[in-house]
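Asker: pasting the sequence and the predicted coordinates here, then a few questions.
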Amino acid sequence: MMRRKSLIAAALAAVSILVAAGCGTGGLGDPKADKARGKELFTSKCAACHVLADAGSVGNAGPNLDDAFVEVRKQGFKESTIFQVIDKQIKYPTGRDLFDPKRDIHLNGPIPTVEMASDIVKGSDRDAVAAYVASVAGLPVKGGAGGKIATADGKEVFAQAGCGACHTLKDAGSSGAVGPNLDAAKPAKDLVILRVTNGQGVMPSFKGKLTADQIGAVADYVSGAAGK
Ligand code: HEC
Ligand code: HEC
């Protein structure tokens, strides 16, 4: 899949101009929001589409958030400024198609297959996710297992790997609509193993992230629970 380049640098340039001009940044959220809660929310709401090493996520429908912020960190932007940009991205996602009819071109590259919906998380939840991402994106992972999933329980793997952000599965309480509704698709175990291992289209491969046993467990779970 073609992926467009990060828009973060441009967004930060705009924010710093506003700050320099004394306009503030529109007074969005609270950068001191609860980061632990933000990490949980990231895993359930954002991990499906974004790589973020600290969260151990492998989604590839949207930009890799570590890559997006490495350069920004080098340029010395403050965490509070990065927070504002992320908070704003969640409230008003960029990445809507910027089509210029006069020139008949898409200004920001190929049309995305997946768009980031606005208000995936709201209010203090949005601040918590933004504060968490601003505190880790583009930085080396601090200790721990690099966010690797430890559980061997299929239902837990489904939750922790973020499958539910893209797939509806009643048994797991998920209502994602990026990929097929698994209750309707009722995939056989072999198909689940194949898709989770190799990915397809915007579905990322989980090969480096889940062990063969974990992939087997989530496949058992999905093929058994779908449609129930
Ligand atoms: C369904 C997939 C999807 C989900 C879920 C999602 N995003 Fe995104 N996100 C995208 C896409 C696609 C883009 C790229 C927009 C563009 O540039 O065209 C993006 C862009 C971004 C950017 C800007 C990155 C850059 O380099 O320009 C940030 C920051 C971001 N997302 C954070 C989040 C956070 C935080 C969440 C959870 C609250 C989240 N996203 C949930 C798909 C998603
Ligand atoms: C970023 C969104 C995304 C995530 C995360 C994701 N999927 Fe998918 N999945 C898709 C899409 C899109 C398809 C359809 C691919 C195609 O056929 O082009 C798909 C297809 C599938 C299929 C095949 C369904 C069918 O009938 O064709 C299965 C099974 C599946 N996913 C299971 C999972 C499991 C289990 C996980 C977690 C380990 C997961 N997916 C994570 C988006 C996602």
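Answerer: That came through fine. Ligands and ions are numbered 1, 2, ... in the order given.

Asker: quick one: the residue nearest to residue 52 when sequence neighbours are not counted from ligand 2, how far?
Answerer: Spatial nearest neighbour of residue 52, chain neighbours left out: residue 65 (4.7 Å); criterion: CB to CB, 6 or more residues apart in numbering. To be clear about C-beta, it is placed using only N, CA and C from the backbone, and glycine gets the same treatment. Using CB to the nearest ligand atom, to the nearest Å, residue 65 is found at 14 Å from ligand 2.

Asker: residue 65: neighbouring residues, count only.
Answerer: 26 (other CB atoms under 10 Å).

Asker: what of the one 5 residues further on?
Answerer: Using other CB under 10 Å, residue 70 has 14 neighbouring residues.

Asker: residues contacting it?
Answerer: residue 138 (CB atoms under 8 Å, 6 or more residues apart in numbering).

Asker: can you tell me how far residue 83 sits from residue 188?
Answerer: 44 Å (CB to CB, to the nearest Å).

Asker: quick one: which of those two has more around it?
Answerer: Using other CB under 10 Å as the criterion, residue 83 and residue 188 rank with residue 83 on top: 24 against 13.

Asker: hang on, that one packs against residue 134?
Answerer: Yes - assessed by CB atoms under 8 Å, residue 83 is found in contact with residue 134 at 4.0 Å.

Asker: and stretch 161-177, average pLDDT?
Answerer: In this model, stretch 161-177 has an average pLDDT of 89.

Asker: got the buried residues for that stretch?
Answerer: Of the residues in stretch 161-177, 161-169, 171-172, 174, 176 count as buried by neighbour count, 16 or more other CB atoms under 10 Å.

Asker: in helices, which of those fall?
Answerer: In helices, defined here by DSSP state H, there are no members of the buried residues of stretch 161-177.

Asker: which one of those residues sits closest to ligand 1?
Answerer: The shortest approach to ligand 1 among the buried residues of stretch 161-177 belongs to residue 165, at 5.3 Å (CB to the nearest ligand atom).

Asker: which ones are touching the residue nearest to that closest one when sequence neighbours are not counted?
Answerer: Of all residues not flanking residue 165 in the chain, residue 48 sits nearest, at 3.3 Å (CB to CB, 6+ apart). Counting by CB under 8 Å, 6+ apart, residue 48 makes contact with 57, 59, 61, 162, 163, 164, 165, 166, 176, 178.

Asker: what subset of those is also close to ligand 2?
Answerer: Restricting the contacts of residue 48 to those adjacent to ligand 2 (criterion: CB under 6 Å from any ligand atom) gives 59, 61, 162, 163, 165, 166, 178.

Asker: got a pLDDT number for the nearest residue to the first one once chain neighbours are set aside?
Answerer: With CB to CB, 6+ apart as the criterion, residue 59 has its nearest non-adjacent residue at 4.2 Å, and that residue is residue 49. According to the model's per-residue confidence, residue 49 sits at a pLDDT of 85.
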